[in-house]
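Visitor: with the sequence up front, the predicted model follows.
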Amino acid sequence: MSSRGPYRRHTAQFKLQLCSDIRSGALGRRDAQKKYALFANLIQMWLTQFDRGELSTEEVEADAIAEYEAKVAALERKVGQFTMELELVKKTPRLRLVSDN
């Protein structure tokens, strides 16, 4: 197989959908391997988790919530940074240019 590049993290939603497709017969394991460039042992591990009920919609929802919380936190940090920069600009006296006589 070709090089897959850097480490990839697959969402619980992707794993759940892939396992559902394989178990329903809509997609074969080898087809999934080729289509998504996955190793057979990784697919087998996900199928085992799926069969045990370890991959569930609750996990998918929890992943989505965690992702949104991380985005909100990053945006809040950015807003705080911009607020501080704005306050600094407001407090800094403006320099007069020579041509502004």
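Guide: On my side now, so go ahead. Numbering: from 1, shown residues only.
Visitor: for Arg23, what are its contacts?
Guide: The contact partners of Arg23, by Cβ atoms under 8 Å, 6 or more residues apart in numbering, come to 47, 50. For every residue, glycine as well, the C-beta is placed using N, CA and C.
Visitor: go through the strand or helix carrying it and flag the buried ones.
Guide: If you go by DSSP states H and E, Arg23 is part of helix 12-24. Under the neighbour-count criterion of 16 or more other Cβ atoms under 10 Å, helix 12-24 has 12, 15-16, 18-19, 22 buried.
Visitor: point to the residue nearest the middle of this structure.
Guide: Glu67 (6.5 Å; Cα atoms, centre = their mean).
Visitor: pLDDT value on that residue, please?
Guide: As predicted, Glu67 sits at a pLDDT of 86.
Visitor: for the one 3 residues further on, same thing?
Guide: In the predicted model, Ala70 carries a pLDDT score of 94.
Visitor: what does the one 5 residues further on give?
Guide: Residue-level confidence at Leu75 comes out at 97, pLDDT.
Visitor: in what helix or strand does it lie?
Guide: Secondary structure (DSSP H and E) places Leu75 in helix 57-91.
Visitor: for the buried residues of helix 12-24, give me JSON lines that also has distance to Lys71 and pLDDT.
Guide: Shown next, in JSON lines, are the buried residues of helix 12-24 (distance: Cβ to Cβ, whole Å; pLDDT from 0 to 100):
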{"residue": "Ala12", "distance to Lys71": "17", "pLDDT": "84"}
{"residue": "Lys15", "distance to Lys71": "21", "pLDDT": "92"}
{"residue": "Leu16", "distance to Lys71": "22", "pLDDT": "91"}
{"residue": "Leu18", "distance to Lys71": "25", "pLDDT": "96"}
{"residue": "Cys19", "distance to Lys71": "27", "pLDDT": "95"}
{"residue": "Ile22", "distance to Lys71": "31", "pLDDT": "96"}
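Visitor: nearest to Val72 among these?
Guide: Nearest to Val72 out of those is Ala12 (Cβ to Cβ; 19.7 Å).
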